[in-house]
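**Q** Take this sequence and fold it.
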Amino acid sequence: MFGRLPKIYRWRTAAVVMIVSVIAGVWFATHPDTPVVVPVGAVMGLLSGILLAYVAVHQARPEPRLARVHRRR
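**A** Got it, this is the predicted structure:
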């Protein structure tokens, strides 16, 4: 989605997306009566973060490779 990013920026973007997703999962699962739900929310946030990170940094086309040119003699 972002296009061709250098590898370090792809890793950083994926890490930020996953961290925000885990925090959002914990926040959605916070309920004062049931503290058991919070780890489930963290796991669900992590799984959705992995999916969102893949979508955010996935390249639709592979990078072009240089072709060898052989000259005739």
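**Q** Now the residue positioned nearest the centre of the chain: closest residue in space, sequence neighbours ignored.
**A** The central residue of the chain, meaning the one whose C-alpha is nearest the mean C-alpha position (Cα atoms, centre = their mean), is A53 at 1.4 Å. The shortest distance from A53 to any residue other than its chain neighbours is 3.8 Å, reached at A14 (Cβ to Cβ, 6 or more residues apart in numbering). In this view, the C-beta of every residue, glycine as well, is placed from N, C-alpha and C.
**Q** list the contacts for the one you found?
**A** With contacts taken as Cβ atoms under 8 Å, 6 or more residues apart in numbering, A14 has the following neighbours: 53-54, 56-57.
**Q** list the contacts for the residue nearest to the centre of the chain?
**A** Counting by Cβ under 8 Å, 6+ apart, A53 touches 13-15, 17-18.
**Q** can you rerun that using 6 Å?
**A** Applying Cβ atoms under 6 Å, 6 or more residues apart in numbering, one finds that A53 lies in contact with 14, 17-18.
**Q** I'd like those as TSV, with pLDDT appended.
**A** Shown next, in TSV, are the contacts of A53 (pLDDT from 0 to 100):
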residue	pLDDT
A14	88
V17	91
M18	91
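**Q** and the residues you listed, which of them are in helices?
**A** Of those, the ones assigned to helices by DSSP state H are 14, 17-18.
**Q** Any chance of these in TSV with distance to V43 as columns?
**A** Rendered in TSV, the data for those read as follows (distance: Cβ to Cβ, whole Å):
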residue	distance to V43
A14	18
V17	16
M18	12
